[in-house]
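Asker: Here's a sequence, model it:
(chains A and B)
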There are 2 protein chains.
Amino acid sequence: MQGRMLQRPAESDPAAHAARESVDIAAAIADVRQFIDPLLEEAVNGLCHAPERLRESIRYALLAPGKRLRPALALWASDACGGDRQAAAAGAMAVEMIHAYSLVHDDLPAMDDDDLRRGRPTCHRAFDEATAILCGDALQPLAFETLVRHLPPDTAGRACGILAAAAGAEALVGGQAEDLAAEQATAETDAANASPESQLARLEQIHRCKTGALFLACLRLGGLTAGASAEQFQALETYGEAFGLAFQIADDLLDAEGTEETVGKRVGKDAARGKLTFPSLVGIDASRSRAYALAAEAEHACQIFGTRGKPLATLANWIVHRNH
Amino acid sequence: MQGRMLQRPAESDPAAHAARESVDIAAAIADVRQFIDPLLEEAVNGLCHAPERLRESIRYALLAPGKRLRPALALWASDACGGDRQAAAAGAMAVEMIHAYSLVHDDLPAMDDDDLRRGRPTCHRAFDEATAILCGDALQPLAFETLVRHLPPDTAGRACGILAAAAGAEALVGGQAEDLAAEQATAETDAANASPESQLARLEQIHRCKTGALFLACLRLGGLTAGASAEQFQALETYGEAFGLAFQIADDLLDAEGTEETVGKRVGKDAARGKLTFPSLVGIDASRSRAYALAAEAEHACQIFGTRGKPLATLANWIVHRNH
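Answerer: This is a model prediction of the structure:
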């Protein structure tokens, strides 16, 4: 699978050339992690009046192994606009908190019922179900509090608005609700009666909500804290929308083709659940072409930032070529 | 029980005289409900891109029967400081959203496992467990979004900070975690080894977090949106702390002494669960005296507001004399 994703003909992928001459993305992602994890750790330690077990569950969820993609997007969006890293860090931490909460709740028995996440027991397995529910419930306000604590009040107000919209019933939570409903519908073979076009539209809508909205919020928060111009903000939004969908298609491809060892979580589970995915709807090749085209679109949007936009541009390519 | 709570000697309760000559609290509470419910309904209807089932679960939870005590506190705190009702409404809606979410999650099988709430099936019984989890998860960001939508950015930023702190691991969520842990400890008779003083201190700490912090946030938000002076803000905080504890003691008394018919929910359940309560620790009479003293303290704090503080003052008395 890895070979197949990497060994595509260069001419079919206009982004390949740019990717070759750009930043070392693995190192850049490691840098982000090294920058943001101590700040996340500090935020958890700051909860000194919280019950210990609850605080440790928050630490477990928030500092889990992971790529810190969302913080990277927020920080690099700010970098692209010449923003200050300290201000951008507030947004970066907040989006990771919302992401961490959503994983904890998605894994619950009443939801996706997963025992493993990134090779470790999920929060409700490592602690217990009540603690996992409360852990997620506490991570949400912690995200908003983080924005308020680290940003001037008016910026914090706008940042809270961006984050709340991305986390709400019309975005992240709505996407998870739709995803569960779609899974049920597929299981009941209702979906078999729908046209492939309408199924694809529904799938894109689910991902736009479930994962895309929070990615977009990363870009918006990075732009906001950096004081982006209207043109820069627009470019970040274009990037964010394309990136979000590209990420999800790549994720579906990994589930369809990856091995548990390289991916670090259970694979093939989408198919086992009869879950709607891009490969199941349009096939592996068309899914891969679409992901490459979206990555190219995202990269194109970064042009107005010049060299400052390199990390974002490179990330968009990397995300569709990764094998984990 | 009703008779006993009402027929105490007037001289033992310095607040009684003031309460008699003050506002018609039942009518005032009904007014708040009439003012705030259409706004809450509007907020739910505004979620037009949310999946229908999720939106209906939010409506079910948010517009449930209830006294709208928290909105009343936010609105009356604003009134006390001469604030504008429209600005205060944002805070009033937001606290009710956080309150509604916390009830939905507290009722879940993994938490308190309740089937009935205010005489109706709880959210996970009326819908399903996944929807109830998502309903609560969506109400949290809706609360923050409501503040941002209706307030100027800098006020919204401060308001989000107040709300986030009250909803977080060191307050509401932490209190629920402690409450569950205390229940387990009582069940395991660990608690029997603790001194009554330390048990009482723990109980007060649980309530200060679990219900007190959100009450306090109502007062703070009302003061914030009204542009309260430092002195007014301090008075609102004194009121809020005393009110919160008085409310909880009264709630424990209702559970210990009320009937299901008057209270509208299962009673005697605290004792059945071996739950730590004020009556179980210090007895009925001492609990009642403490509640009256706290109500008097809350009422006293309202003096600086003159007649504008009457609704708050009257509410503090009403809360410890109610029978539902």
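Asker: For residue A:81, what are phi and psi?
Answerer: With angles defined as degrees, to the nearest 10, residue A:81 sits at phi -100, psi 10.
Asker: hmm, who's touching stretch A:163-175?
Answerer: A:94-95, A:98, A:102, A:140, A:143-144, A:147, A:177, A:206-211, A:213-214, A:216-217, A:221, B:47-51, B:54-55, B:58, B:134, B:137-138, B:140-142, B:144-145, B:148 (C-beta atoms under 8 Å, 6 or more residues apart in numbering or on different chains). Quick note: C-beta positions are derived from backbone N, CA and C, even for glycine.
Asker: host element of the residue lying closest to residue A:91 once chain neighbours are set aside?
Answerer: Using C-beta to C-beta, 6 or more residues apart in numbering or on different chains and skipping residues adjacent in sequence, the residue nearest residue A:91 is residue A:221, 3.2 Å away. Using DSSP states H and E, residue A:221 maps to helix A:213-225.
Asker: Report whether the next helix or strand after that helix contacts chain B.
Answerer: As assigned by DSSP H and E, the chain's next helix or strand after helix A:213-225 is helix A:230-257. No: with C-beta under 8 Å from any C-beta of the partner chain as the criterion, chain B is not reached by helix A:230-257; the gap is at least 15.7 Å.
Asker: cool, and stretch A:116-132?
Answerer: Yes: using C-beta under 8 Å from any C-beta, stretch A:116-132 comes into contact with chain B via A:128-131.
Asker: got any ranges where the stretch 101-250 of chain A has weak pLDDT?
Answerer: A:186-193 (pLDDT under 70).
Asker: which residues in it form helices?
Answerer: Using DSSP state H, counting those that start in this stretch, the helices of the stretch 101-250 of chain A run over A:123-126, A:129-150, A:153-167, A:172-187, A:196-207, A:213-225, A:230-257.
Asker: so what secondary structure elements neighbour the longest one?
Answerer: Think helix A:230-257. Under the contact criterion of 3 or more C-beta pairs under 8 Å, 6 or more residues apart in numbering or on different chains; DSSP states H and E, helix A:230-257 touches helix A:69-80, helix A:196-207, helix A:213-225, helix A:269-272, helix A:278-282, helix A:284-301, helix A:310-321.
Asker: Out of the ones you listed, which is closest to residue B:311?
Answerer: Residue B:311 lies closest, by C-beta to C-beta, to one member of the helices and strands packed on helix A:230-257: helix A:213-225, at 39.1 Å.
Asker: next one: that closest one to chain centre, how far?
Answerer: Taking C-alpha atoms, centre = their mean, to the nearest Å, one finds helix A:213-225 lying 11 Å from the centre of the chain it belongs to.
Asker: how about the CA coordinates for that helix, as PDB?
Answerer: The C-alpha atoms that make up helix A:213-225 are tabulated as PDB, following Å, rounded to 0.1, in the frame of the first residue of the first chain:
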ATOM      1  CA  ALA A 213     -15.100  21.800  10.600                       C
ATOM      2  CA  LEU A 214     -12.500  21.400  13.300                       C
ATOM      3  CA  PHE A 215      -9.700  21.500  10.700                       C
ATOM      4  CA  LEU A 216     -11.200  24.600   9.300                       C
ATOM      5  CA  ALA A 217     -11.400  26.100  12.800                       C
ATOM      6  CA  CYS A 218      -7.600  25.500  13.200                       C
ATOM      7  CA  LEU A 219      -6.900  27.600  10.200                       C
ATOM      8  CA  ARG A 220      -9.400  30.300  11.200                       C
ATOM      9  CA  LEU A 221      -8.000  30.500  14.700                       C
ATOM     10  CA  GLY A 222      -4.400  30.700  13.400                       C
ATOM     11  CA  GLY A 223      -5.500  33.500  11.100                       C
ATOM     12  CA  LEU A 224      -7.500  35.300  13.800                       C
ATOM     13  CA  THR A 225      -4.700  35.300  16.300                       C
END
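Asker: Many thanks, have a good one.
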